[in-house]
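Undergrad: what follows is a predicted structure for the sequence shown.
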Amino acid sequence: EKYSQKIVINNDVNTIVMGYFASQDDYESVSFLYQARIGGTGGVGHIHRGHLIKGRHNIAGEIQYLPISFSENYQEIKKTPEGALEWTMKYCLGITSMVAPDAIIIYNRLISKSDDVKKEMEKYMPKSYIPDLIKIESLKEYMLIGCILLGLKTLNPFIPPKYILPVLALKQDLPLNSLD
């Protein structure tokens with residue numbers, strides 16, 4: 001009120017999934033799985049056909065409420081590659097069973113290859129049901145794009161995400177006026 005500025009606050013994982021979704025053209029439905037290495041349980045963000053799924057009370061993706069059990073204490077297993085694989089596989093199965101996205105984007109520094117997660121998932125689910133699993137190494141690019149998107153959507157909520165990001169025009173070597 002004092003400065004008459006609009007301030008946008010959003011969940012970090014939701015902001016990242018918005019940025020990832022806006023930076024690609026291959027998928028209509030994307031989930032982003034984040035594992036926190038220190039404290040916390042991580043989280044999930046979902047976009048389906050361009051719409052961020054927040055759910056009632058904005059708890060969609062708050063995985064701490066899921067009754068998933070692990071072979072050992074969660075705080076301990078997430079510190080090892082084997083435990084991180086178990087954690088990631090179980091939440092990817094949950095995401096696939098409940099939302100069935102085209103792709104799950106994984107950020108977990110202890111997972112070396114998304115194919116390892118896929119192999120573990122195949123023990124519990126038919127291979128044809130498993131979405132594309134994409135491991136990313138950095139969050140910064142997608143967080144930045146998501147923040148830009150949120151700000152621009154706040155200014156004009158009717159602009160489609162694909163048309164409001166000059167960053168995408170540069171990434172795709174398109175002239176900025178081609179987005180008009």
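TA: Looks like it arrived, so ask away. Numbers count the residues shown, from 1 in each chain.

Undergrad: what's the spacing between the residue nearest to the spatial centre of the chain and Met18?
TA: Most central in the chain under Cα atoms, centre = their mean is Phe32, positioned 1.9 Å from the mean C-alpha point. For Phe32, the distance to Met18 (Cβ to Cβ, to the nearest Å) stands at 9 Å. For every residue, glycine as well, the C-beta is placed using N, CA and C.

Undergrad: what do those two both touch?
TA: The contact sets of Phe32 and Met18 overlap at Gly45 (Cβ atoms under 8 Å, 6 or more residues apart in numbering).

Undergrad: strands of the protein, residue ranges please.
TA: 29-34, 43-48, 51-52, 103-107, 132-135 (DSSP state E).

Undergrad: for this protein, which element, helix or strand, carries the lowest mean pLDDT?
TA: Least confident element among the helices and strands of the chain, by mean pLDDT, DSSP states H and E: helix 166-171 (a mean of 46).

Undergrad: which stretches of this structure form helices?
TA: 12-22, 74-77, 81-98, 114-121, 140-155, 166-171 (DSSP state H).

Undergrad: out of those, which is closest to Ala60?
TA: Ala60 lies closest to helix 12-22 among those, at 8.8 Å (Cβ to Cβ).

Undergrad: which stretches of the protein have low pLDDT?
TA: 1, 37-40, 157-180 (pLDDT under 70).

Undergrad: quick one: the residue lying closest to Asn58 once chain neighbours are set aside from Asp115, how far?
TA: Computed as Cβ to Cβ, 6 or more residues apart in numbering, the closest residue to Asn58 that is not its neighbour in sequence is Asn11, at 7.3 Å. Applying Cβ to Cβ, the value for Asn11 to Asp115 is 29 Å.

Undergrad: neighbour count: the two, which is higher?
TA: Asn11 (16 against 11; other Cβ atoms under 10 Å).

Undergrad: now Glu62: how far from Val44?
TA: For Glu62 relative to Val44 (Cβ to Cβ), the value is 8 Å.

Undergrad: which one's more surrounded, the two?
TA: The neighbour comparison of Glu62 against Val44 (other Cβ under 10 Å) goes to Val44, with 25 against 16.

Undergrad: with adjacent residues omitted, what lies nearest to that one?
TA: Counting by Cβ to Cβ, 6+ apart, the residue nearest Val44 is Gly61, at 3.8 Å.
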